[in-house]
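Next one to model:
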Amino acid sequence: MRLRWELAGSSAMKFYDVKTVWDLSDHQLHLVSWVRFYASIYDMPNRPSDDIIDDDDSLDQWLVNQRLQNRKSEMDVVDYHPRGSFGT
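Numbers count the residues shown, from 1 in each chain. Model (predicted):
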């Protein structure tokens with residue numbers, strides 16, 4: 001499915017061969033949202049292994065860990081104040 005999605009230019013309308021998004025069923029829209037989710041995972045520079053991607057629980061845990069790492073990195077940047085950076 002991923003290859004077909006890529007060949008359709010990541011376009012739901014091309015993928016399903018419809019003229020407008022209004023021609024898509026709720027089921028098709030739901031499927032497209034999952035295809036886009038997994039496509040975004042595959043496009044990550046530090047994406048997990050295929051074994052993790054194939055296991056829903058493992059992928060959920062990987063995403064939680066990524067979110068925690070990102071928050072920690074953001075907090076490290078916010079907490080870092082070089083000496084004298086605030087005019088002191």
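
okay, stretch 25-36 in PDB with CA atoms only?
As requested, C-alpha coordinates have been extracted for stretch 25-36 and formatted as PDB (Å, rounded to 0.1, in the frame of the first residue of the first chain):
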ATOM      1  CA  SER A  25     -16.100   7.500   2.000                       C
ATOM      2  CA  ASP A  26     -15.500   7.800   5.700                       C
ATOM      3  CA  HIS A  27     -13.700   4.500   5.500                       C
ATOM      4  CA  GLN A  28     -11.400   5.700   2.800                       C
ATOM      5  CA  LEU A  29     -10.600   8.900   4.800                       C
ATOM      6  CA  HIS A  30      -9.800   6.900   7.900                       C
ATOM      7  CA  LEU A  31      -7.500   4.600   5.900                       C
ATOM      8  CA  VAL A  32      -5.800   7.600   4.400                       C
ATOM      9  CA  SER A  33      -5.100   9.100   7.800                       C
ATOM     10  CA  TRP A  34      -3.400   5.800   8.800                       C
ATOM     11  CA  VAL A  35      -1.400   5.700   5.600                       C
ATOM     12  CA  ARG A  36      -0.200   9.200   6.200                       C
END
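
what number of residues lie near Asn65?
Asn65 sits with 11 neighbouring residues when counted by other Cβ atoms under 10 Å. Just so you know, the C-beta spots here come from the backbone N, C-alpha and C atoms, and that holds for glycine as well.

Kindly apply the preceding question to Ile52 instead.
Residues near Ile52, counting by other Cβ under 10 Å: 17.

So for this protein, the centremost residue is which one?
Ranked by distance to the mean C-alpha position of the chain (Cα atoms, centre = their mean), the top residue is Ser40 at 3.7 Å.

For this protein, give the helix that spans the most residues.
The helix of greatest length in the chain, counted in residues with DSSP state H as the criterion, is given as helix 56-79.

I'm done for today, thanks for sticking with me.
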